[in-house]
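1. with the input below, show me the fold.
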Amino acid sequence: MQERARKPLPIRYRFAALTAGLLCAGIIAFGAAAYLEVRRSALGLAGERLISVTDQLGQRLEASAANQRAALGRAAQDSVVQEFLREPTRALNVERLAALSTITGPSRANLTTQLFDTGGRFLHASNSKVAVPIRDAVRQLTELVEDTGSTATGWLARDRDSLIYPIIARSRAGDSVLGYVVQWRRLASSERDRDQLSGLIGSSAVLHLGNARGDLWTDLEREIAAPPLPLSALSSVLQYEHGAEGGRLAYARRLTNTPWTLAVEFDLPSVLAPATRTVRRLVLVAVVLLLVSALSAWLTARSLTKPIAELAVATQEIRAGNYSRRVSAGRRDELGTLAEHFNEMAAAIAGGKHQVEQQLEQLKTLRTIDLAILGTTDLQVALKTVVLETRERLQVDVAMAMLFMPQTYTIEMAASAGTRTTALPQLRVRLGEGVTGRAALERRTIGYPDLTREAPNDLHPVARTEGLRALYAVPLIAKGQLVGVLAIGHREALQPNHSWLTFLEALAGQAAMAIDSGKSFEALQRSHMELALAYDTTIEGWSRALDLRDKETEGHTQRVADMTLRLARLAGMNDTELIHVKRGALLHDIGKMGVPDSILLKPGKLTDEEWALMRMHPTFAYELLSPVPYLRPALDIPYAHHEKWDGSGYPRGLKGQEIPWAARLFAVIDVWDALRSDRPYRPGWPEHKVQEYLREQSRIHFDPDALAIFQRLAAEFAAEAEPIESLSPL
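-> Just a heads-up that it's a prediction; the model follows:
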């Protein structure tokens, strides 16, 4: 059973689907762009806040450290401390111990206060709760004080389950240093401190405080591993992945006058959460807009397809013979225009055969012009056919075909029909001037059905001279390029209909095709001639190069080429054959390019081995030239000019008429010129001796027919009283 054809989807549904698809693509692109922009803004704002929070925390910690150093500095100058440092050997009494505790403060974070002399020797401590390497610690602290001033904050250190850090102050009396006061403090935060910190940096943020050298880090509660934050990231916001926890934004800064580094990290998902929510809202709005747009597209398509469906039904009825069928043309858009044209077409069909016959005549005209274009390469002939057919079929008085000249930006008359003005063949109009110039410049049809009512100011005088009342100009466009203008004129007013204008533009298309075809053929001919000239110039250059290589035969190639061409013409060869004969003669010794100079230029006689190699030059010529298709017809002379009539020649030992005719003719000229020319090893022979030798070699070396034709050529020269030696090349 034959499968039933699937009914196509109505246009309104396809239009709605297409609209929805385009909107979906737009929404996706918009959503992606919006997300990227919101993400960028969110990251920028988060980075600014991260820097601000880190700076605030840093300032607080710097202020706290400064206050601690100031308090300890005041304690170092207290009289009780200085009295003890002057006389450390005196026994301490209860009063002094109490005074020391009062001076250094009762803070619970203060673990102990220690006194050292100027050599770093331990003198006294308020208690012994801190187990630290006293000697190394004091040495480093005293060096730190000497570098930074009278007080300094030290590095973080471990003390059992606590993290501690020292503060050191130098005790001075005038210019003398009495000793040092070191206070060890525990780094810890209370519940209140943590609440304040969380309020400042947020619940998803992480704070790190550590030594500048990165060997000890804390979150103010416990020792932690070093954050994955390179020290090179100081003073710049860094974004990085933090394992399974996701991305982080981090910022770090060094605390002034401390060996500490402060780093704060923000959780990236929390930072981007507002951006994600914003994009979700945008996508929701976009989806709603998509649904609304798809519905609107469906309704619009329905309003468009309804009149089209009516047109389809009306077309079927007219096809069935109901020529009175019409469609509603009440719309003011393109569909209304289409309906009007349909009704005009139906009226034309109902009117009878006149319209059909007119269209057939138009097709015949176009066919005639096509045949003219195809049947000639003469542009003037083709354009003359165009203007004659245009004038006859459009029933106008004048038709003109004008060519665009890109060098001068003018359009010039090429062919005309029905004109009276004798100066019309010299008509030249600048681009943009007059009706024809404006049609060319603006690339559109320009027409004036009645010049007595609306004549342009720049109407060309020829139009007035011809007495034209109506004038139309159509630009000729071929392959997107302006090539000319087709102009028609009438000595009465015209009221052309749409079909008339359409046919005029169709004729303009044929004229453009004729111009393009003619110019293309001219360009092809010019290219072919240039290519042939380049080939012949190259061949002549090769022949001159061979003559320059072998000084003994200098000029030989050109002489034998000219003489062989004369002989071949006398032998009845046609022009095409003569071209190949000349090329073959110029290249007859090209194979000697493969013979070493040691053999080719040898002053003495050649050995048998050297002669064997020398006789290979015709084969070398064949191998060199045969791959070039352009030169294959010229191979007869280079390959066979050393073959002899009796078969004793080389390289193939051809005999009689096996030798190509051109090679048999050339062999006579080649030997004749060689014998007459001077060589280092002998002078040139006189003409009578050369002629005697040629006759002796008939049927041995030379074809008797070729030799007989050469004798005729020699007789013609003698009759003209012109020595053969003085003959000039053709």
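2. all contacts plus neighbour counts: C-alpha atoms, from now on.
-> OK.
3. in the stretch 351-500 of the chain, which spans are helices?
-> Secondary structure of the stretch 351-500 of the chain, counting by DSSP state H, counting those that start in this stretch: helices at 354-375, 379-394, 434-442, 451-454, 461-465, 498-549.
4. identify each buried residue in the shortest one, please.
-> Buried residues in helix 451-454, defined by neighbour count with 16 or more other CA atoms under 10 Å: L451.
5. run through who's touching that helix.
-> 448, 468-471, 493 (CA atoms under 8 Å, 6 or more residues apart in numbering).
6. quick one: average pLDDT of it?
-> Computed over helix 451-454, the mean pLDDT rounds to 82.
7. off-centre distance for that helix?
-> Distance of helix 451-454 from the chain centroid (CA atoms, centre = their mean, to the nearest Å) equals 52 Å.
8. do the same with stretch 170-186
-> Worked out by CA atoms, centre = their mean, stretch 170-186 lies 75 Å from the chain centre.
9. please identify the buried residues of it?
-> 170-171, 178-186.
10. may I have that stretch as CSV, with CA atoms only?
-> Output of stretch 170-186 as CSV, limited to C-alpha atoms (Å, rounded to 0.1, in the frame of the first residue of the first chain):
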residue,chain,number,x,y,z
ARG,A,170,63.7,49.0,75.8
SER,A,171,64.3,50.7,79.2
ARG,A,172,66.5,53.8,78.9
ALA,A,173,67.9,56.3,81.4
GLY,A,174,69.3,59.2,79.3
ASP,A,175,71.5,57.7,76.7
SER,A,176,72.1,54.5,78.6
VAL,A,177,70.1,51.3,77.9
LEU,A,178,69.3,49.6,81.3
GLY,A,179,67.6,46.5,79.9
TYR,A,180,64.5,45.1,78.2
VAL,A,181,61.0,44.3,79.3
VAL,A,182,59.3,41.5,77.5
GLN,A,183,55.6,40.7,77.8
TRP,A,184,54.2,37.4,76.5
ARG,A,185,50.5,37.5,75.5
ARG,A,186,48.1,34.8,74.5
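11. one step back: okay, the contacts of helix 451-454 in a markdown table with pLDDT and neighbour count next?
-> As requested, these are exported to a markdown table (pLDDT from 0 to 100; neighbours: other CA atoms under 10 Å):
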| residue | pLDDT | neighbour count |
| --- | --- | --- |
| Y448 | 89 | 20 |
| L468 | 87 | 20 |
| R469 | 87 | 20 |
| A470 | 89 | 23 |
| L471 | 90 | 27 |
| A493 | 90 | 16 |
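12. that older thread, would you single out the least confident of the helices of the stretch 351-500 of the chain?
-> If the helices of the stretch 351-500 of the chain are sorted by mean pLDDT, helix 354-375 sits at the bottom with a mean of 56.
13. quick one: neighbours of A663, just the number.
-> 27 (other CA atoms under 10 Å).
14. can you tell me the SS state at Q183?
-> Three-state call for Q183 (DSSP: H, G, I helix; E, B strand; the rest coil): strand.
15. contacts only, for it.
-> 72, 104, 110-114, 166-168.
16. ok, back up a step: what two of the contacts of helix 451-454 are the furthest from one another?
-> Y448 and L468 (10.4 Å; CA to CA).
17. now P88: which helix or strand?
-> Counting by DSSP states H and E, no helix or strand carries P88.
18. that one contacts F122, correct?
-> No - in this structure P88 lies outside contact range of F122 using CA atoms under 8 Å: 10.2 Å.
19. next helix or strand past the longest helix anywhere in the chain?
-> Criterion DSSP state H: the longest helix present in the chain is helix 11-76. Per DSSP H and E, helix 11-76 leads on to helix 79-86 as the next helix or strand towards the C-terminus.
20. got the buried residues for that next one?
-> Per 16+ other CA under 10 Å, helix 79-86 contains these buried residues: 80-82, 84-85.
21. next one: Y630 relative to G584, how far apart?
-> Separation of Y630 from G584 (CA to CA, to the nearest Å): 12 Å.
22. ok, these two, which is more surrounded?
-> G584 (28 against 12).
23. excluding its backbone neighbours, what's nearest that one?
-> Closest residue to G584 apart from its sequence neighbours, by CA to CA, 6 or more residues apart in numbering: A634 at 4.6 Å.
24. now swap in G447 and tell me
-> Y472 (4.1 Å).
25. which secondary structure state does M573 sit in?
-> Classification of M573 by three-state DSSP places it in coil.
26. so what's it scoring on pLDDT?
-> 92.
27. that one: neighbouring residues, count only.
-> Using other CA under 10 Å, M573 has 15 other residues around it.
28. for it, give its distance to V581.
-> On the measure of CA to CA, M573 and V581 end up 9 Å apart.
29. so which of the contacts of Q183 is the most crowded?
-> I168 (28 neighbours).
30. surely it meets G179?
-> No - I168 lies out of contact with G179 (CA under 8 Å); the separation is 10.5 Å.
31. ok, which stretches of the stretch 151-300 of the chain are strands?
-> 151-153, 157-159, 162-173, 176-186, 206-211, 217-218, 223-224, 238-241, 247-254, 260-267 (DSSP state E, counting those that start in this stretch).
32. let me know the average pLDDT across the third one.
-> Translated: strand 162-173. For strand 162-173, mean pLDDT is 85.
33. quick one: it to helix 79-86, angle?
-> Strand 162-173 and helix 79-86 are oriented at 80 degrees to each other (axes from the mean of the first three to the mean of the last three CA atoms, to 10 degrees).
34. what's the angle from strand 162-173 to strand 176-186?
-> Using the same axes, to 10 degrees: strand 162-173 against strand 176-186 is 160 degrees.
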